[in-house]
Structures are given as C-alpha cells and as structure tokens.
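> sequence first, then the predicted structure:
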Amino acid sequence: MAGSAALLLLLSLGLCCPGIRGQTYTVRAGFRYENFKHLQVGQRLELECVTDTADSGVFWIHQDKAGTLHFVVFISYFSRVTFERSKRTSTRFEARKDKAVYWLAVKSFSPRDQGNYFCLTINNQAMYFSSRLTAFLP
C-alpha cells in the first residue's frame with residue numbers, strides 16, 4: 001500500500017511539473033510491434049520506451065484495472081535490471097536496454113497484467129512520463 005502511495009505521488013508530480021524552466025525532454029512509449037491489435041491470454045506483449053538520450057535509466061510502471069500503480073522494473077543507464085524486491089529476474093517480465101531504447105516484455109499475458117503501462121525517467125531533477133499504453137483483453 002505504501003508503495004502505491006509513493007508511486008501515485010511520483011506520478012502526480014510528473015504530471016504537474018514536466019520540466020524545469022522551459023527545458024524539454026522527450027519520453028515516448030509504444031508497442032514494439034506496429035501490428036499489435038488484440039491481446040490474448042498467454043501472448044507475449046512487448047513495449048518500448050525511447051528517451052532523448054541514452055544516459056538515463058527508465059522505470060516501468062503498471063496501473064491495474066482498479067487504478068493501483070505497481071512498480072515493474074528499473075533499467076539503469078548501464079543496462080542493469082532491477083525488478084520488485086530488488087530482484088534481477090522476474091517470472092512475469094523481461095526487460096532490457098539498447099542505447100536509448102528500453103524494452104519491457106510481459107512473458108505470458110494474463111488477466112492480472114491488464115491495465116495501463118507507463119515509462120518514466122528523471123533528467124536534471126525533473127521527472128518525464130510517457131503517454132499511457134493500454135493493454136486489455138477483449
């Protein structure tokens with residue numbers, strides 16, 4: 001519960017304060033494959049997050065159907081991956097980085113994976129959020 005409150009605070013700060021003194025920084029997120037149309041149970045879902053530079057890390061956040069925010073993974077500048085509870089691997093997710101592109105994969109999509117996904121980064125003491133990626137079963 002406390003983690004969700006902290007994530008909500010971070011999200012609200014990011015939405016209210018997208019930059020410092022007119023600085024701009026871009027974080028774009030999308031589905032890895034353009035032909036993504038209908039999710040099915042058991043399907044692999046791949047998301048990507050592109051930042052303006054390769055010298056920052058990225059957080060992936062999942063907002064479930066009830067609106068609760070969940071930390072999924074942090075991918076560092078050095079490509080080090082940290083999932084919840086400081087684990088290096090996850091049974092549900094994979095993550096990696098290549099230059100300024102940060103990928104998140106849901107290995108086998110299930111009903112609990114439905115919701116919105118966001119990536120965010122911190123640059124020059126400001127938080128930058130991607131638009132939401134919505135993933136729901138039909």
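Okay, I see it.

> for the protein, which spans come out with low pLDDT?
Within the chain, the segments meeting pLDDT under 70 span 1-25, 33-37, 54.

> quick one, strands of it?
27-31, 45-51, 58-63, 69-75, 81-83, 93-98, 101-106, 115-123, 126-129, 133-135 (DSSP state E).

> quick check: beta-bridge partners of the spatially most central residue of the chain?
Geometric centre of the chain, nearest residue: W60, 2.3 Å, by Cα atoms, centre = their mean. For W60, the beta-bridge partners are V73, C119 (DSSP bridges).

> same deal with L47?
F31, L104.

> number of residues surrounding it?
23 (other Cβ atoms under 10 Å). To be clear about C-beta, it is placed using only N, CA and C from the backbone, and glycine gets the same treatment.

> does it touch V58 like I think?
No: L47 is beyond contact range of V58, at 11.0 Å (criterion: Cβ atoms under 8 Å).

> joint contacts of the two?
C119 (Cβ atoms under 8 Å, 6 or more residues apart in numbering).

> quick one on the thing from earlier: mind listing what the residue nearest to the centre of the chain touches?
47, 49, 72-75, 95, 102, 104, 117-119.

> quick check: it vs I122, distance?
According to Cβ to Cβ, to the nearest Å, W60 stands 14 Å off from I122.

> V50 now?
Distance from V50 to I122, counting by Cβ to Cβ: 16 Å.

> picking up where we left off before, export the contacts of W60 as CSV, with columns for distance to G30.
Below are those laid out as CSV (distance: Cβ to Cβ, whole Å):
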residue, distance to G30
L47, 7
C49, 8
V72, 16
V73, 17
F74, 20
I75, 16
A95, 16
Y102, 12
L104, 11
Y117, 10
F118, 12
C119, 10
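
> ok, and the most crowded of these?
Result: Y102 is most packed of the contacts of W60 (other Cβ under 10 Å), 30 neighbours.

> go ahead and confirm it touches Y117.
No: the pair Y102 / Y117 is not scored as a contact, 11.9 Å apart, by Cβ under 8 Å.

> isn't S79 right next to R96, touching?
Yes: contact criterion Cβ under 8 Å: S79 and R96 qualify, at 6.8 Å.
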